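A.B. asks: Dropping the sequence and predicted coords here.
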Amino acid sequence: MDNAVDEVADAVIGNVTVTPGVFRNVRFDAAELAALVTELAAESGVTNPIHIIVNEATPLAKLSAQFDDGGPDATLVIRAESGALENTKQLQTFGRERAAESLGRMLLRARDRMRDDFADAPPDRQLTLAQNAAWDAYCAGRLARAGHRVVPQRWRYNYRNRFGFSDDVDAGFERLWAAEDLGFADVVAEP
Amino acid sequence: MRQFFPVEDLARDERFVQTNMAERIKDPRVPGGGSAKKKSSRSSTNKLTPDRHDASDRARGLMHGIMVGEIQALEGAGRTAHDFDAGDGSGDTIPFALKLDMARQAWDEARHVEISAKLSTWMGTELGEFQENTVLFEAACSNDPVLRLAGVNRALEGLAIDVFTQMKEFGDLAGDPFLEFCEDWMLADEVTHVKMGSDWLRKVTENDPDRRAKALEFQQVVDKLFSFGGARGDTAESSFQLARRFRELAGFTDDEVETIAGLDQQALVERKAAINAMQAAVADS
């Protein structure tokens, strides 16, 4: 995921840097992407500079986000495989709803990480699959309440795949989906 | 009622967006991004397994592909039952018993569409959420019914055996009580459909070796196309495997299975070469 973007110039739009600045394998527009990130950051309360790095060499959809240092003005670096941002009805084109769902989750995670009770949260790439599923459920619920188009059953199914198919697991999902003010330990607690 | 329906005229509502194989192979992206897999990667293969980070989304996409494939299989079997007059199998006729088998298959496929649509909903997918590749129905547009048997029943339905086996295994490993159960039932039907194709192809071409040879040649073309550039195969780079045992039950000989495995490998090599060429062209631009 780290290759294939290094030699391409960035696009800097406001507080957001997009790499690459010009896409070749997909028909994305850096300015449109930056505008969406700016909008989502404002909604999420993230005021830090943001650098979004898109790997357009793969259609997969992995995402991660981390601050480049521990300071208050640290840059939030979001890495996204192109599939996380594309329109699944018209492949290789930008999908605003899907991108908002993907990037919105990353920005909510970033805001969570600013809290003291997320200090013990491992970096995104070291999270277990179960921790990822639980945190995604928590973020997706908040995104839905913020007015974004989110299909709850997609996240419920993802959660079930990690924790099991049972009523107790479903109750755990509903708790995360409805929550607004959890610490990391609460998010990843076994259902 | 109209006969010989072109792919462009398939009826779909506004939720569905169609594409074709020619469009899809223009996409220069590859799952690994063109780089070797890291040893630390959670998934060391392209196979769909629950321990992939994107397992549920990949399963949703594949299930949607199955659903639209079932719609096209229903349309293909229905067309074959209707497009040809009943006769002795020569010329443009098909035996009446073959028409009945195609009608039975259409009934099965209609049930599979309903099951797949419900499974998609269960997995959090909206109908039409993903592009519909019409390659399956295109294989059912031949003017020769024997070529349809080869292309649809043996190649297309053979692919369904491979994919359903994969999804059944995924449901079993993930503990999904509905997915494993439903795939198992549909898989049983698909084995029957392939067997019908194998039996009728041999019967109708019993005294016409040239026609049989052409049909098997067409099947190989379709099999290679349905390998999706080596997505099916026995290598770690393949997303799903050739279900050898079920294919044997469906009337494939060992030689035929090995031929398909060889086509899958050839398709993978050609796909990788095409991707490399496209990526080189992009880099030079």
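C.D. replies: Perfect, I can see it now.
A.B. asks: Counting by contacts, list what the longest helix along chain B packs against.
C.D. replies: Secondary structure of chain B per DSSP state H: the longest helix is helix B:254-284. Helix B:254-284 sits against helix B:209-226, helix B:244-249, with contacts defined as 3 or more CB pairs under 8 Å, 6 or more residues apart in numbering or on different chains; DSSP states H and E. (C-beta placed from N, C-alpha, C; glycine too.)
A.B. asks: May I see these organised as JSON lines, with distance to residue B:112 and mean pLDDT added?
C.D. replies: Output for the helices and strands packed on helix B:254-284, formatted as JSON lines (distance: least, CB to CB, whole Å; pLDDT from 0 to 100):
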{"stretch": "helix B:209-226", "distance to residue B:112": "17", "mean pLDDT": "87"}
{"stretch": "helix B:244-249", "distance to residue B:112": "16", "mean pLDDT": "85"}
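A.B. asks: Generate CSV for those helices, with mean neighbour count and distance to residue A:138 as supplementary columns.
C.D. replies: Formatted as CSV, the helices and strands packed on helix B:254-284 follow (neighbours: other CB atoms under 10 Å in any protein chain shown; distance: least, CB to CB, whole Å):
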stretch, mean neighbour count, distance to residue A:138
helix B:209-226, 18, 41
helix B:244-249, 16, 41
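A.B. asks: Now do the longest helix of chain B, average pLDDT.
C.D. replies: Across helix B:254-284, the average pLDDT comes to 80.
A.B. asks: Stretch B:59-67 now?
C.D. replies: 95.
A.B. asks: which other residues reach it?
C.D. replies: A:88, A:154, A:157, A:161, B:48, B:113, B:116-117, B:119-120, B:123-125, B:127, B:129-130, B:133, B:160, B:163-164, B:166-167, B:170, B:174, B:179 (CB atoms under 8 Å, 6 or more residues apart in numbering or on different chains).
A.B. asks: filter those residues to the buried ones?
C.D. replies: Among the contacts of stretch B:59-67, those scoring as buried are A:88, A:154, A:157, A:161, B:48, B:113, B:116-117, B:119-120, B:123-125, B:129-130, B:133, B:160, B:163-164, B:166-167, B:170, B:174, B:179 (criterion: 16 or more other CB atoms under 10 Å in any protein chain shown).
A.B. asks: Which of those fall in helices?
C.D. replies: Per DSSP H, the subset of the buried ones among the contacts of stretch B:59-67 in helices is A:154, A:157, A:161, B:113, B:116-117, B:119-120, B:160, B:163-164, B:166-167, B:170, B:174, B:179.
A.B. asks: Residues of chain A that sit close to chain B?
C.D. replies: Contacts of chain A with chain B, taken as CB under 8 Å from any CB of the partner chain, map to A:1, A:3-4, A:24-26, A:55-62, A:81-82, A:88-92, A:129, A:132, A:151-158, A:160-161, A:164-165.
A.B. asks: same thing but 7 Å
C.D. replies: Residues of chain A found near chain B (CB under 7 Å from any CB of the partner chain) are A:1, A:3-4, A:24-25, A:55-62, A:82, A:88-92, A:129, A:151, A:153-154, A:156-158, A:161, A:164-165.
A.B. asks: Tell me how many other residues surround residue 55.
C.D. replies: Let's take chain A. 25 (other CB atoms under 10 Å in any protein chain shown).
A.B. asks: My question was about chain B, not that one.
C.D. replies: Around residue B:55 there are 22 residues (other CB under 10 Å).
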